[in-house]
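**Q** Below are the sequence and a predicted model; questions follow.
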Amino acid sequence: MVKKRVPDWLNSSLWSSPQSPPKFDAVKPAAPPIIEPPSQIPPPEPPSTYSFRAKKVEIRDPLSSNYHGSNSSVCHSDEEIESSSANSTASAGGGSARAVATPAAEIMSRKAQLVQELSRKFINMGELRRLASQGIPDGAGIRATVWKLLLGYLPSDRSLWPSELAKKRSQYKHFREELLMNPSEITRRLENSSLENNEVDGIKGFLSRSEITHGEHPLSLGKSSIWNQFFQESEIMEQIDRDVKRTHPGIHFFSGDSAFAKSNQEDLRSILIVFAKLNPGIRYVQGMNEIIAPLFYVLKNDPNEENEASAEADTFFCFVELLSGFRDNFVQQLDNSVVGIRATITRLSRLLKEHDEELWRHLEMTTKVNPQFYAFRWITLLLTQDFEFPDILVIWDTLLSDHDGPQETLLRICCAMLIIVRKRLLAGDFTSNLKLLQHYPSTNISHLLYVADKLRIHLPA
């Protein structure tokens, strides 16, 4: 059997690990650019553009000071440290490598193009996807609107937006009223209704014991009993409460004792409970709070007051749309099927073998690192636990805008995560490799997305 040759671009010194990584403030000699991507693929916006501390309009609640952002974490991994000088030279020489910081003028130009596209009567979804895949600039609620379009929550016809939003928001309000009501309130309303019906000559009657059905009694064990259903769902609600309180503890938007944070937690809790009750086949799976967090954060920070006030309803429907592409990963009964999470992880393994058989063989044959040990979390939580929050938004810009669909794009990004630390993995054993992949190092997100885009060819079926 002829061993597959590793692509030349993977053998670039860009991926090699230095012997002793320099400090972040160390000045390195310039090196010529190494990777020149096709000119038709414009470089995406660098993570540094998304520093939440610099936001003035869209982000009203800054992140904790503990977050250092992509500005300070670029070239944080061993591979990225070595590539920093090449990136600097490419930037100075007009290179187009995706890892190079995008010039401010280009960011403003892309922002103007997005605003122009969003102002059209009919949105060109192909053009919108192309622009969004490069990274969505902050401000003016652009990301919130673009994500709604990419997820199919908003139609491409702008004239339909008001009616569609009004209909969906009214529908969610109805869900909320029906599904979040305590059985005591349901019983009270039934009693009031019965009292009104028993009113004779203006005198209200009394509700007799015979009119209290078995299903309305708190001690009823019947499947149709509202009280029995309430007690069965209480365990899920308690799990949701615990998870919501643990969502991004370092970000004031999600955690803390402020009324703002408490309100946001309550909105997240309501969305997840409504989803669980409307989807008994899935209900609530631990970790869904992490997936819903980026959606709610972006939509809640829309500067449009009406959109901001309706962020809970909009997030619910966007969450439903997003999860529709990953639904089977959350159904335990499908874990061992051809559409379940194990099959998805197997596809990731095949993708790595297709593009870097040497690394695949070392991980799975030599060091025996089962991809389920690290990829299960990557895939089910859509990478929300493996990168800083601003970087997650940049990754999701690509994830949602790629014409191949979020599932295929996610697998390519996961494969790229393995490839850009290949030197360390090839030099590691089971313990060091597992630790590295379960605690993925900080990296240049633009560079990661560039590598993922290079893996688009020869995608296994």
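**A** Thanks, I have the structure now.
**Q** what's Gln385 sitting at in phi/psi?
**A** phi -100, psi 0 (degrees, to the nearest 10).
**Q** pretty sure it is in contact with Glu290, am I right?
**A** Yes: counting by C-beta atoms under 8 Å, Gln385 does reach Glu290; the two are 6.2 Å apart. (C-beta placed from N, C-alpha, C; glycine too.)
**Q** Which one of those two is surrounded by more residues?
**A** Per other C-beta atoms under 10 Å, whichever of Gln385 and Glu290 has more neighbours is Glu290, with 20 against 13.
**Q** That one reaches Thr380, doesn't it?
**A** No: if you go by C-beta under 8 Å, Glu290 and Thr380 don't touch, sitting 9.4 Å apart.
**Q** Look up phi and psi at Leu352.
**A** According to degrees, to the nearest 10, Leu352 has phi -60, psi -40.
**Q** typo on my end, it should be Gly325
**A** According to degrees, to the nearest 10, Gly325 has phi -80, psi -10.
**Q** Quick check: the gap between it and Leu383.
**A** Separation of Gly325 from Leu383 (C-beta to C-beta, to the nearest Å): 15 Å.
**Q** Which one of the two is surrounded by more residues?
**A** Taking other C-beta under 10 Å, Gly325 and Leu383 do not tie; Leu383 has more neighbours (20 against 16).
**Q** Am I right that the more buried one is in contact with Ile395?
**A** Yes: Leu383 lies in contact with Ile395 (C-beta under 8 Å); the separation is 5.9 Å.
**Q** and for those two, which residues touch both?
**A** Common neighbours of Leu383 and Ile395 (criterion: C-beta atoms under 8 Å, 6 or more residues apart in numbering): Ile413.
**Q** where are the low-confidence patches of the stretch 51-200 of the chain?
**A** Applying pLDDT under 70 to the stretch 51-200 of the chain flags residues 51-103, 182-200.
**Q** Quick one: the helices in it, in order.
**A** Using DSSP state H, counting those that start in this stretch, the helices of the stretch 51-200 of the chain run over 69-73, 78-92, 104-118, 125-132, 142-150, 161-179, 183-197.
**Q** The fifth one vs helix 104-118, what angle?
**A** Following axes from the mean of the first three to the mean of the last three C-alpha atoms, to 10 degrees, one obtains 50 degrees for the angle between helix 142-150 and helix 104-118.
**Q** hmm, who's touching helix 142-150?
**A** Residues outside helix 142-150 that contact it (C-beta under 8 Å, 6+ apart): 58, 111, 114-115, 118, 123, 125, 128-129, 132, 136, 154, 156, 295, 298-299, 301-302, 307, 314, 318, 393, 396-397, 400-401.
**Q** pull the CA atoms of it into CSV?
**A** Coordinates of each C-alpha in helix 142-150 appear next as CSV, following Å, rounded to 0.1, in the frame of the first residue of the first chain:
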residue,chain,number,x,y,z
ILE,A,142,-25.3,43.6,11.6
ARG,A,143,-24.4,40.2,13.1
ALA,A,144,-27.8,39.8,14.7
THR,A,145,-29.6,40.4,11.4
VAL,A,146,-27.2,38.3,9.3
TRP,A,147,-27.5,35.3,11.7
LYS,A,148,-31.3,35.5,11.6
LEU,A,149,-31.1,35.4,7.8
LEU,A,150,-28.5,32.6,7.7
